[in-house]
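Enquirer: based on what follows, work out the 3D shape:
(one chain, ligands or ions: 2)
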Amino acid sequence: MTGTDYHRLLGMGEEAFENLEDHLERREYEGREYRHVPDYRRGVERGTALIADTVVRGFPKVPRTLVLAEGVPNHFDDRVVVVEEKLNGYNVRVAEIEGERLAFSRSGQICPFTTRYLERLVDLEPLFEDHPEAMVCGEMIGPENPYTAHDYPGVDSLEFRAFDWRDRVSGESLPVDERRERYESFDVPQTRLLGEYDVEDAAEEVRRIVRELDEEGREGVIMKSPDVSTQLKYTTSAANQGDLAYAFTLPFDYGQPFMFRRLIREAFQTVEWDEGDDEAKARAHELGEAILLSMRDTIQTIDEGGRVDEEHTVRAHPETVDALLEHLRGQGLTVDVEDDRREGDDRVVTFVKRVQSTNDKTRNYLEGHIVKE
Ligand code: ATP
Ligand code: MG
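Expert: Ligands and ions are numbered 1, 2, ... in the order given. Coordinates of the predicted model:
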């Protein structure tokens, strides 16, 4: 690793790189040391990893608009806007380092679970043989998911959908059409393309699309310029409310900004979509249920002597499951296995990531602890 001019690969001055170095997290994956940028800071994307003699760029933050009609034309300088489905799972970037295909998390850690699991989902060997500098970007989706579980029709366990193809060093994307062709030629499954629109029509079209996705309980859209230099996201009410319903089952463990942001999205959507009193009241009712019924369940569970935690199920090769549990525990999480069985060659494990604050605070309040407010 010595002598690698990371700063040149990152396009930074030596001094700027020295400043960055203090903020890098150092990790090891199976005997290989690497460093990564764990948080947002100026000059380099969060999730950028420095490994062997190369870098693997972070996936850029995708900005959001709260109002389609104004936000879309303001954000795009391009004539055409491409709309793809936004899938609700976890982000993964795959790069081939010294002959090994490694899966990097959003924050730039190598995920031992995803690295192993991907091998059985997609054969990326031919792709990297032809394009060794590629960074395959996509979402891992489905119910048997150790990070962000969400149901998709036809996805029984965990699957991969590619949504971007970048150069791992520069972070530059292939244009959408070229990327879609390439993935198709390598048999790699992709996110759905929902349309390409003139920028003046895009907001209206996206509104129509989002209504349909909402009906199906899907998350939303990512709008992209054809060269992918500009991206913008917008989500359905189903996604906003689904997130709220989940977050409020663990009200003292989720950051309050997480909840507040989703409430704000709902407020702007009801105004932009010109909802009348009845429609707005129906939305208010659903929103109220997402918040209150979730907390009610949690408080009742704890009152009855139970606990609330973050539960996940995974289905994988036994060694892959072990690697996952070790990885999660290595991150300081308390993980309890609740169910562990074999199905064919797979091990199916249900585990919880323990949360503390919601359990402690709720119990205290139930016991009559006074709140100073
Ligand atoms: P960020 O906005 O920084 O990426 P976040 O966790 O807040 O982080 P999201 O709100 O889920 O992210 O929105 C962006 C993420 O959406 C991407 O990082 C990617 O993982 C995911 N995604 C799903 N489908 C797509 C798609 N078709 N194109 C691009 N990104 C997609
Ligand atoms: Mg997401």
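Enquirer: need the contact list for the residue positioned nearest the centre of the chain.
Expert: Central residue of the chain (CA atoms, centre = their mean): Tyr90, 3.4 Å from the mean position. Residues in contact with Tyr90 (CB atoms under 8 Å, 6 or more residues apart in numbering) are Ser105, Arg106, Glu139, Met140, Asn145, Tyr147, Thr148. C-beta here means a position set from N, CA and C on the backbone, and glycine is covered the same way.
Enquirer: now flag whichever of those residues is closest to ligand 1.
Expert: Glu139 (4.5 Å; CB to the nearest ligand atom).
Enquirer: what about Tyr234, helix or strand, and which?
Expert: Secondary-structure assignment from DSSP states H and E places Tyr234 in strand 231-235.
Enquirer: any idea how many residues pack against the closest residue to the residue nearest to the centre of the chain other than its chain neighbours?
Expert: In space, and not counting its chain neighbours, Tyr90 is closest to Tyr147: 4.4 Å by CB to CB, 6 or more residues apart in numbering. For Tyr147, the neighbour count with other CB atoms under 10 Å is 18.
Enquirer: now do the one 10 residues further on
Expert: Look at Ser157: counted by other CB under 10 Å, it has 16 neighbours.
Enquirer: now do it against Glu144, distance only.
Expert: 4 Å (CB to CB, to the nearest Å).
Enquirer: anything in contact with each of the two?
Expert: Common neighbours of Ser157 and Glu144 (CB under 8 Å, 6+ apart) are Arg315.
Enquirer: domain-wise, how is the protein divided?
Expert: 1-56, 68-84+198-235, 238-303 (automatic domain parsing).
Enquirer: next one: the first one to chain centre, how far?
Expert: Shown here is domain 1-56, whose average C-alpha point lies 22 Å from the average C-alpha point of the whole chain (CA atoms, centre = their mean, to the nearest Å).
Enquirer: show me the contacts for Asp227.
Expert: With CB under 8 Å, 6+ apart, Asp227 has these contacts: Asp78, Ser173, Pro175, Val176.
Enquirer: kindly apply the preceding question to Arg32 instead.
Expert: Contacts of Arg32 by CB under 8 Å, 6+ apart are Ile51, Ala52.
Enquirer: tell me the bridge partners for it.
Expert: Tyr29 (DSSP bridges).
Enquirer: for Glu343, same thing?
Expert: Assessed by DSSP bridges, Glu343 has beta-bridge partners Asp346.
Enquirer: i'd like the first residue to be 50 from this point on
Expert: Let's use 50 as the start, then, which means that last one is Glu392.
Enquirer: could you pull up phi and psi at the closest residue to ligand 1 within the chain?
Expert: Using CB to the nearest ligand atom, the closest approach of the chain to ligand 1 is made by Asn140 at 3.1 Å. Main-chain torsions, Asn140, degrees, to the nearest 10: phi -80, psi 140.
Enquirer: surely it and Arg155 touch.
Expert: Yes - look at Asn140 against Arg155 with CB atoms under 8 Å: they come within range, at 4.6 Å.
Enquirer: returning to what we had before: report the two of the contacts of Tyr139 separated the most.
Expert: Across the contacts of Tyr139, the two members that end up farthest from each other (CB to CB) are Arg155 and Asn194, 14.2 Å apart.
Enquirer: the more surrounded of those two?
Expert: Comparing Arg155 with Asn194 by other CB under 10 Å, the one with more neighbours is Asn194, at 21 against 17.
Enquirer: how about the residues of this protein near ligand 1?
Expert: 108, 110-111, 133-136, 140, 188, 212-213, 240, 271, 282 (CB under 6 Å from any ligand atom).
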